[in-house]
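Asks: for reference, the sequence and a predicted model appear below.
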Amino acid sequence: MLALIGGSGFTGNDVIEDCEEIEITTPWGAPSAPLVFGRLGGRSIVFLRRHGVKHEFAPHRVPTSGRCRRRAWRV
């Protein structure tokens, strides 16, 4: 399984097949969006939208407290 962190537009237009969103919590707080599990190019992936589901976090407004730890822990 591949773990990807990217922009919110990546999940549009059926880029990821067989999508399932799962909300999780981490020891460092809530992530910017639910994790998206699915398939990309025939491979299993998990994807995190770093700017939120509706791109609600501008790059300078993405929650920063423990951000790198949260991302690493999730994947």
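Replies: In hand now; what should we look at? Numbers count the residues shown, from 1 in each chain.
Asks: where does this structure dip in pLDDT?
Replies: Along the chain, segments meeting pLDDT under 70 span 8-9, 11-13, 55-75.
Asks: do you have the helices of the protein handy? List them.
Replies: In the chain, the helices defined using DSSP state H lie at 67-74.
Asks: for the nearest residue to V53 once chain neighbours are set aside, give its distance to L4.
Replies: Excluding the flanking residues, the one nearest V53 by CB to CB, 6 or more residues apart in numbering is A33, at 4.9 Å. (Each C-beta comes from the backbone N, C-alpha and C, glycine too.) Distance from A33 to L4, counting by CB to CB, to the nearest Å: 13 Å.
Asks: just want to know which of those two has more residues nearby.
Replies: More crowded of A33 and L4, by other CB atoms under 10 Å: A33, with 21 against 14.
Asks: what's near enough to touch the more buried one?
Replies: Contact partners of A33, counting by CB atoms under 8 Å, 6 or more residues apart in numbering, are S8, L48, R49, R50, H51, G52, V53.
Asks: phi, psi for the residue nearest to V53 please.
Replies: Dihedral pair for A33: phi -170, psi 160, per degrees, to the nearest 10.
Asks: repeat that for P34.
Replies: Per-residue torsions, P34: phi -60, psi 150 (degrees, to the nearest 10).
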